[in-house]
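**Q** have a look at this fold, sequence not included:
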């Protein structure tokens, strides 16, 4: 994790691009639909969650490709440390670089949709639970498409359907709060998805990486 964080600070354009993309997506859509407050509140959860989802895709293709290109990935596979632990560290780093800035920026962007304070809190909580899922599932897709020609397009086609449950429950939690319904059910399901993805994804991803190295 320390190594990947140092590399991320040296290549600031990669994670800044993802954050800038998130800001632009969430800013352009309100301009397209108009200034009606009720409509902006209605579309806000979906817009913010779709922006977060798409911005995480930008850094996934490079998650393992640079290490694969310079031979570092082979050394990681031969390391006495289990590869699944190293993969988990890269997932956490990806979330710190691409997911956490989105979580911190979301309340500021939610203000332009006239979201109430409680709904902004639910939005932040849903993104805190959901963005690690995006990093964990995205790492599996990055491993499955490692070394393939046109891997970026294939990665998007492979991962986007797997992101749908997190999108539904994450945006649904905010929509439920806006409707006066308890968002606890959506958040509980999102938490369950987080536990499953964090537990299984490092092991499955490490197996996919070993297959790619062979």
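**A** Here it is on my side, so go on. All values reported here derive from a predicted model rather than from experimental measurement.

**Q** tell me which helix or strand comes right after the helix or strand residue 119 falls within.
**A** Residue 119 belongs to helix 117-144 when assigned by DSSP states H and E. For helix 117-144, the succeeding helix or strand toward the C-terminus, using DSSP H and E, is helix 151-178.

**Q** same for the helix holding residue 119, what does it pack against?
**A** Here helix 117-144 touches helix 37-57, helix 62-70, helix 83-94, helix 100-110, helix 151-178, helix 184-213, going by 3 or more C-beta pairs under 8 Å, 6 or more residues apart in numbering; DSSP states H and E. Every residue, glycine included, has its C-beta placed from N, CA and C.

**Q** the same query, at a cut-off of 6 Å, please.
**A** helix 62-70, helix 83-94, helix 100-110, helix 151-178, helix 184-213 (3 or more C-beta pairs under 6 Å, 6 or more residues apart in numbering; DSSP states H and E).

**Q** low pLDDT regions in this structure?
**A** Low-confidence segments of the chain, defined by pLDDT under 70: 14, 149-152.

**Q** roughly how far does the residue most central in space within the chain sit from residue 116?
**A** Geometric centre of the chain, nearest residue: residue 134, 3.5 Å, by C-alpha atoms, centre = their mean. Computed as C-beta to C-beta, to the nearest Å, the residue 134 to residue 116 distance reads 26 Å.

**Q** returning to that earlier point: tell me the angle the helix holding residue 119 makes with helix 100-110.
**A** 140 degrees (axes from the mean of the first three to the mean of the last three C-alpha atoms, to 10 degrees).

**Q** in helix 117-144, what counts as buried?
**A** By neighbour count with 16 or more other C-beta atoms under 10 Å, helix 117-144 contains the buried residues 119-120, 122-144.

**Q** contacting residues around the helix or strand hosting residue 13?
**A** Taking DSSP H and E as the criterion, residue 13 maps to helix 12-33. Contacts of helix 12-33 from elsewhere in the structure, counted by C-beta atoms under 6 Å, 6 or more residues apart in numbering, are 8, 39-40, 47-48, 51, 55, 58-59, 97-98, 101-102, 109.

**Q** out of the residues you listed, which comes closest to residue 154?
**A** Among the contacts of helix 12-33, residue 58 lies closest to residue 154 (C-beta to C-beta), at 15.4 Å.

**Q** now do the phi/psi pair for that closest one.
**A** The phi/psi pair for residue 58 (degrees, to the nearest 10) reads phi -60, psi -30.

**Q** how many neighbours does the closest residue to it other than its chain neighbours have?
**A** Counting by C-beta to C-beta, 6 or more residues apart in numbering, residue 18 is the residue found nearest to residue 58 once chain neighbours are left out, at 4.6 Å. Neighbour count of residue 18, defined by other C-beta atoms under 10 Å: 23.

**Q** so that it lines up with my notes, have the first residue be 9 from now on.
**A** Got it, first residue is 9 now, which makes that one residue 26.

**Q** quick one: distance of stretch 36-45 to the chain centre.
**A** On the basis of C-alpha atoms, centre = their mean, to the nearest Å, stretch 36-45 sits 25 Å off its chain's mean C-alpha point.

**Q** got it, and stretch 83-102?
**A** 19 Å.

**Q** repeat for stretch 146-159
**A** Here the centre of stretch 146-159 is set off from its chain's centre by 16 Å, with C-alpha atoms, centre = their mean.
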